[in-house]
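Q: pasting the sequence and the predicted model now:
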Amino acid sequence: MNSFIESGFWILLIIIVHSYLIYPIIIFFISKLYSQPEFKDFAPSISILIAAYNEEKVIEDRIQNINNLVYDFDKVEVLVGSDCSSDSTNSKLNSLKKNHPWLKVFLFDKRRGKASILNDLVKQSKNEILIFTDANTVFDKKAIKSLMNYFQDQTIGGVSGRLILTDANVDSNESVEETKYWKYETKLKKSEGRCGTLIGANGGIFAIRRELFKPIPIEKAVTDDLFISLNVLSKKFKFKYCYESFATEDVGKDVSTEYKRKVRFAATNFQTLLNFKNLLFNQNLLVSYAFWSHKVIRWFFPFITLFVLLMTIYLLTYSNIYLFILILQLSFYFLAIIGAVFSRFGIRIKVFSLPYFFVLANYAIIRGFIKFLRKEHSTVWESTQR
């Protein structure tokens, strides 16, 4: 029995280290085996899709940002669906479409959620490539031009751009930790994309071939950008990452705001997993390896760490190594507690704030999992305050 628990302990510990440290290193070196072709300029017809709800603060700037893109607008249509917005979003959209013939506005009089809006917009779209983005995203002028070049390769079904999280209030905004973690994620996505196995596009800037779109489930909420990405991979097409194509978004105004967003995403991530069980043991072993390592293990990470903590306590009398590991675990949680206290007073010290952010993010997964089990995750969403 004791040997069984001890073996289980080390297996789980290796899984933890693998997901956050070993896998990024392995996928980085695997990516170096893939040559990157040099594409010529390619400009297929594109449909840019935006689901909006109460975006009066950003919608005008968003349309102007698209208007400034370097692209042939004879091949562009922009479809914006307002999900029964209760602010001035609708009136602003109606005004904007008068000056932009490529802008198509759809005003829905019933709240149904982002998935339903996107499904309807895809039905109304007509162009070859679908580009998904958000109302608060800001494209670089050449972002779409760079993104489209990848579609010259018929084996590529989707391409994600690079999303840069900005934090204008870096001295007072607690969410700076989100930007630090995102830089780590960006490097990982770059490696996966080079292999054509990107697990989860950046929701603010990604594109797929029109024929590869599968309607997003609306009965049970899923993570829409992840669902669309995994569906492309499940159809045996490559999903690439274009580092040169970038956009920016502001992070949430504070840790509390980001926490609520992470709880919602955690719940929908588990629901998304049920739709793509086939990717867990796929014919493309690299896709399965990436899916397990980058997503699935991390979704169950807080439960794994809890088991590791309990096993460590059980094994304390067997070796001093377990005492050392327990001290490391408790020290990390102690730093997180201090970080939580400091956070309430607007104090940020990395040695405390980073453990606090990490623990809070994983606690959000637990809360999200509970919402998933209780079927409390809704398809209707509230925009993150930024």
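A: Looks like it arrived, so ask away.
Q: pass me the low-pLDDT residue ranges in the stretch 201-350 of the chain, would you?
A: Within the stretch 201-350 of the chain, the ranges that satisfy pLDDT under 70 run 252-255.
Q: just the strands in it please.
A: 206-209, 238-250 (DSSP state E, counting those that start in this stretch).
Q: most tightly surrounded among these?
A: The highest mean neighbour count among the strands of the stretch 201-350 of the chain, using mean count of other C-beta atoms under 10 Å, belongs to strand 206-209: a mean of 25. Heads up, the C-betas are built off the backbone N, CA and C, glycines and all.
Q: helices and strands around that one, which ones?
A: strand 129-133, strand 156-166, helix 224-234 (3 or more C-beta pairs under 8 Å, 6 or more residues apart in numbering; DSSP states H and E).
Q: picking that back up, now for the strands of the stretch 201-350 of the chain, which one comes closest to residue 155?
A: strand 238-250 (5.4 Å; C-beta to C-beta).
Q: contact partners for residue 47?
A: Residues in contact with residue 47 (C-beta atoms under 8 Å, 6 or more residues apart in numbering) are 77-79, 122, 125-127, 129-131, 210.
Q: please redo it, this time with the cut-off set to 10 Å
A: Contacts for residue 47 (C-beta atoms under 10 Å, 6 or more residues apart in numbering) come out as 75-79, 104, 121-122, 124-132, 207, 210.
Q: and these, which are buried?
A: Listed as buried from the contacts of residue 47 are 75-79, 104, 121-122, 125, 127, 129-132, 207, 210; burial here means 16 or more other C-beta atoms under 10 Å.
Q: so which of the helices and strands packed on strand 206-209 is the most surrounded?
A: Among these, highest average neighbours (mean count of other C-beta under 10 Å) belong to strand 129-133, with a mean of 25.
Q: what angle sits between it and strand 238-250?
A: Inter-element angle recorded for strand 129-133 and strand 238-250: 30 degrees (by axes from the mean of the first three to the mean of the last three C-alpha atoms, to 10 degrees).
Q: one step back: tabulate the strands of the stretch 201-350 of the chain (TSV), appending distance to residue 277.
A: TSV is the format used below for those (distance: least, C-beta to C-beta, whole Å):
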stretch	distance to residue 277
strand 206-209	21
strand 238-250	18
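Q: residue 32: which of the ones you listed is closest?
A: Nearest of the strands of the stretch 201-350 of the chain (C-beta to C-beta): strand 238-250, 14.7 Å.
Q: return the per-residue confidence for residue 173.
A: Predicted confidence (pLDDT) for residue 173: 47.
Q: and the one 3 residues further on, by the same measure?
A: The predicted local distance difference test score for residue 176 is 59.
Q: mind listing the helices in the chain by residue range?
A: Remark: helices assigned in the chain by DSSP state H are 2-17, 23-31, 59-67, 89-96, 114-124, 143-148, 176-195, 224-234, 255-275, 285-290, 297-299, 301-314, 320-344, 350-373.
Q: chain center to the longest one: distance?
A: Here helix 320-344 shows a centroid-to-chain-centroid distance of 28 Å under the convention C-alpha atoms, centre = their mean, to the nearest Å.
Q: which helices and strands sit right next to it?
A: When contacts are defined as 3 or more C-beta pairs under 10 Å, 6 or more residues apart in numbering; DSSP states H and E, helix 320-344 sits against helix 2-17, helix 255-275, helix 301-314, helix 350-373.
Q: buried sites along the second one?
A: Neighbour-count burial for helix 255-275, with 16+ other C-beta under 10 Å as criterion, is recorded at 255, 257-273, 275.
Q: repeat for the longest one
A: By neighbour count, with 16+ other C-beta under 10 Å as the criterion, the buried positions of helix 350-373 are 352-365, 367-369, 371-372.
Q: which residues sit in contact with residue 162?
A: By C-beta under 10 Å, 6+ apart, the contact set of residue 162 is 140, 143, 146, 186, 189-190, 193, 202, 204-205, 241-248.
Q: my bad, residue 365
A: Neighbouring residues of residue 365 by C-beta under 10 Å, 6+ apart: 262-263, 265-267, 269-270, 298-303.
Q: then residue 269?
A: Residues near residue 269 by C-beta under 10 Å, 6+ apart: 200, 222-223, 226-227, 262, 295-296, 298-299, 365, 368-369, 372, 377.
Q: roughly how far does it sit from residue 220?
A: Distance, residue 269 to residue 220, using C-beta to C-beta, to the nearest Å: 12 Å.
Q: what is the neighbour count of residue 84?
A: 16 (other C-beta atoms under 10 Å).
Q: do residue 216 as well
A: 24.
Q: quick one: contacts for the closest residue to it other than its chain neighbours?
A: Distances taken as C-beta to C-beta, 6 or more residues apart in numbering put residue 115 closest to residue 216, at 4.0 Å, once the chain neighbours are dropped. Applying C-beta under 10 Å, 6+ apart to residue 115 gives the contacts 51, 215-224, 227, 268, 379-381.
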